[in-house]
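**Student:** For reference, the sequence and a predicted model appear below.
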Amino acid sequence: MGSGRAGWYAYDFIDNGGQRSAERILPEYQSIDVGRVLPALPGATDVFVVVQCEPEHSLVLSWRLPSGKYQTIWAFVLEQPQPDQTRLIVRGRIAPGYRPYGYRNGSPYASAA
């Protein structure tokens, strides 16, 4: 995950600065540990930092502002309810006033009023 790595697996015009995301697993990017930076946009050297990583179970990313306050936190958790099933749970929290890249009003669902 991350710009300049494999992308964010969402709409590339939003999450990858218009660059295409990877379409296959790239072995050179499979090592992720606490403290690693996952750039949000092409050319960025900061933003999302890995704060928790339990391989095959969970990944938690945070983005802190220069003030130290959290801008966003994303948690990705895998659960195995049965031996032949896997559930992905994604939870995101954002600070008031957050403006996603690519949206003038801060949300694709914001009213035009």
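**Tutor:** That came through, no problem. Since we're looking at a predicted model, the values are computed, not measured. Numbering: from 1, shown residues only.

**Student:** after the lowest-mean-pLDDT helix or strand in the chain, next one along is what?
**Tutor:** In the chain, no helix or strand scores lower on mean pLDDT, DSSP states H and E than helix 12-15, which sits at a mean of 69. Where DSSP states H and E defines the elements, the next helix or strand beyond helix 12-15 is strand 37-39.

**Student:** Which residues outside that next one are in contact with it?
**Tutor:** Residues outside strand 37-39 that contact it (C-beta atoms under 8 Å, 6 or more residues apart in numbering): 1-5, 32, 45-50, 61. Yep, even glycine has a C-beta here, placed from its N, CA and C like the rest.

**Student:** try it again with 10 Å
**Tutor:** With contacts defined as C-beta atoms under 10 Å, 6 or more residues apart in numbering, strand 37-39 is touched by 1-6, 8, 17, 29, 32, 44-50, 59, 61, 63, 74.

**Student:** Break down this structure into its strands, ranges please.
**Tutor:** 37-39, 47-54, 58-64, 70-79, 87-94 (DSSP state E).

**Student:** so can I have CSV of those showing distance to residue 23?
**Tutor:** Formatted as CSV, the strands of the chain follow (distance: least, C-beta to C-beta, whole Å):
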stretch, distance to residue 23
strand 37-39, 19
strand 47-54, 22
strand 58-64, 21
strand 70-79, 20
strand 87-94, 19
